[in-house]
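Enquirer: Quick one, fold the following:
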Amino acid sequence: MGVDTGSREKRMAKSIAAAADDSFGGRVKSWPERVKVFYNDVRTEMKKVTAPGLKEVQATTAVVIITVFLFGLYFWIIDNVIGRGIDSLFRYFTHR
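Expert: Below you'll find the predicted structure:
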């Protein structure tokens, strides 16, 4: 089911030539060929995709969970510091 490189280049050239016709009719006529080329390119690229193994998934999941907790702790601390600072400012200006 592989696509012959020469025929693929010819189809691409034909698609590009049809796309060069910038009129509405030219764009409509070139659409099916462009869609075919697009899907063939997607299929070719998807054949190169590999799924990660169990160890890699576990490692990246652990990194994500630890990072989320660290950022949560950081933002909690920053929120409390800013909140207390604003409370102090309000108390200072309302008791004057």
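Enquirer: so what does whatever helix or strand residue 35 lives in touch, helix or strand wise?
Expert: Using DSSP states H and E, residue 35 sits in helix 24-46. In terms of contacts (3 or more Cβ pairs under 8 Å, 6 or more residues apart in numbering; DSSP states H and E), helix 24-46 is packed against helix 5-20. All C-beta atoms are positioned from the backbone trio N, CA, C, and that covers glycine.
Enquirer: average model confidence for the helix or strand residue 86 falls within?
Expert: According to DSSP H and E, residue 86 maps onto helix 54-94. When pLDDT is averaged over helix 54-94, the result is 97.
Enquirer: domains for the protein, by residue range?
Expert: The chain is divided into the following domains under automatic domain parsing: 1-49, 52-96.
Enquirer: Name the stretch among these that sits most buried.
Expert: domain 1-49 (a mean of 12; mean count of other Cβ atoms under 10 Å).
Enquirer: I'd like the distance between residue 75 and residue 89.
Expert: Distance of residue 75 to residue 89, given as Cβ to Cβ, to the nearest Å: 21 Å.
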